[in-house]
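Participant: Sequence and computational prediction follow.
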Amino acid sequence: MTRFDWLYLVLLAALPVADHFVVTPMFRRHLATDPTRARRRLYSINIVVPWLLTGLGVCLWVYQGRAWNAIALSVPDGWRAWSSAALVLVIALVQAWRASKVARSAQRREKLRDDLRQLGTISPMIPRTRSEFHLYVAMGLTAGICEEFLCRGYLIWLFHNWLEWWVAAAASLAVFALAHSYQGAKGVVVAAIGGASLTGTLAIFGSLLPAMAIHAALDIITGYADWLAMREDASGAESMRLGEVSQ
């Protein structure tokens with residue numbers, strides 16, 4: 001590790017703090033006056049900032065002359081190549097099948113809408129309009145690539161300088177879960193479960209690429225189903241937004 005790694009670590013540590021104490025409160029304030037603009041601003045921040053941090057991390061890695069396989073940025077080979085591709089395809093198809101059921105059934109959309117409202121702080125963040133959904137897709141792709149690079153790539157490598165790999169992975173998972181604290185306690189639990197699955201994927205296939213693909217697919221396809229449900233309730237849901245975000 002070099003001083004640049006320490007500085008980069010400070011930047012990574014500042015990100016969830018800024019999310020929790022600056023970005024999320026700002027979103028809640030703006031939600032009261034212009035929900036669409038508030039969501040678009042939130043999505044834009046969650047696209048631009050992770051890419052800037054990832055780009056900085058890539059530049060740091062190149063500057064230090066480190067091998068990409070040290071952070072598992074390599075293409076799986078042998079049985080890991082075809083089995084990881086099959087896993088990504090199966091997960092994407094299952095999620096697409098579930099989303100299609102939501103698309104075809106008004107009853108399922110109503111049930112999903114009720115479930116999302118119960119999530120409190122997360123519900124107002126879900127897109128209502130088509131333009132919001134387009135940004136949401138970009139945010140999902142960003143999360144899949146950037147969060148995996150930062151959390152299960154760089155942070156595991158960093159912690160592995162002092163800890164056994166599985167302990168380093170657990171420490172990275174804790175950071176990943178806490179970074180979703182703006183979603184409330186339920187969001188942290190869901191992030192921890194999902195992050196644990198992605199960490200297992202990394203351990204099995206020895207590559208970040210399958211985890212990136214799975215993460216992005218889950219975010220985008222789940223987001224599509226959520227959008228289908230919430231777009232039908234745009235006006236009614238917005239009237240409840242102050243009660244939701246105060247939970």
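Facilitator: Arrived safely, thanks for sending.

Participant: Off-centre distance for the helix or strand hosting Ala169?
Facilitator: Using DSSP states H and E, Ala169 sits in helix 165-178. Offset of helix 165-178 from its chain centre (C-alpha atoms, centre = their mean, to the nearest Å): 15 Å.

Participant: which residues sit against that helix?
Facilitator: For helix 165-178, contacts defined as C-beta atoms under 8 Å, 6 or more residues apart in numbering pick out 12, 16, 147, 151-152, 155-156, 158-160, 162-163, 188-189, 191-192, 195-196, 199, 202-203. C-beta: built from backbone N, CA, C; applies to glycine.

Participant: swap the cut-off to 6 Å and go again
Facilitator: Under the contact criterion C-beta atoms under 6 Å, 6 or more residues apart in numbering, helix 165-178 has outside partners 151, 155-156, 159-160, 188, 191-192, 195, 199.

Participant: can you check stretch 127-146 too?
Facilitator: In contact with stretch 127-146 (C-beta under 6 Å, 6+ apart) are residues 39, 43, 46-47, 50, 54, 212, 215-216, 219-220, 223, 227, 230-231, 234.

Participant: re earlier: return the set of buried residues in the following helix or strand past the helix holding Ala169.
Facilitator: Next along the chain after helix 165-178, taking DSSP H and E as the criterion, comes helix 184-205. Going by neighbour count (16 or more other C-beta atoms under 10 Å), the buried part of helix 184-205 is 187-188, 190-192, 194-195, 198-199, 201-202, 205.

Participant: Format the residues you listed as JSON lines; extra columns: distance to Arg128.
Facilitator: Shown next, in JSON lines, are the buried residues of helix 184-205 (distance: C-beta to C-beta, whole Å):
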{"residue": "Gly187", "distance to Arg128": "19"}
{"residue": "Val188", "distance to Arg128": "25"}
{"residue": "Val190", "distance to Arg128": "21"}
{"residue": "Ala191", "distance to Arg128": "23"}
{"residue": "Ala192", "distance to Arg128": "28"}
{"residue": "Gly194", "distance to Arg128": "24"}
{"residue": "Gly195", "distance to Arg128": "27"}
{"residue": "Leu198", "distance to Arg128": "28"}
{"residue": "Thr199", "distance to Arg128": "33"}
{"residue": "Thr201", "distance to Arg128": "32"}
{"residue": "Leu202", "distance to Arg128": "34"}
{"residue": "Phe205", "distance to Arg128": "37"}
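
Participant: Would you mind putting these into TSV with distance to Cys59 and pLDDT alongside?
Facilitator: Conversion of the buried residues of helix 184-205 to TSV gives the following (distance: C-beta to C-beta, whole Å; pLDDT from 0 to 100):
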residue	distance to Cys59	pLDDT
Gly187	31	79
Val188	31	87
Val190	32	87
Ala191	27	91
Ala192	30	94
Gly194	28	94
Gly195	26	94
Leu198	25	96
Thr199	26	96
Thr201	27	96
Leu202	23	96
Phe205	26	97
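
Participant: Sounds good, over and out.
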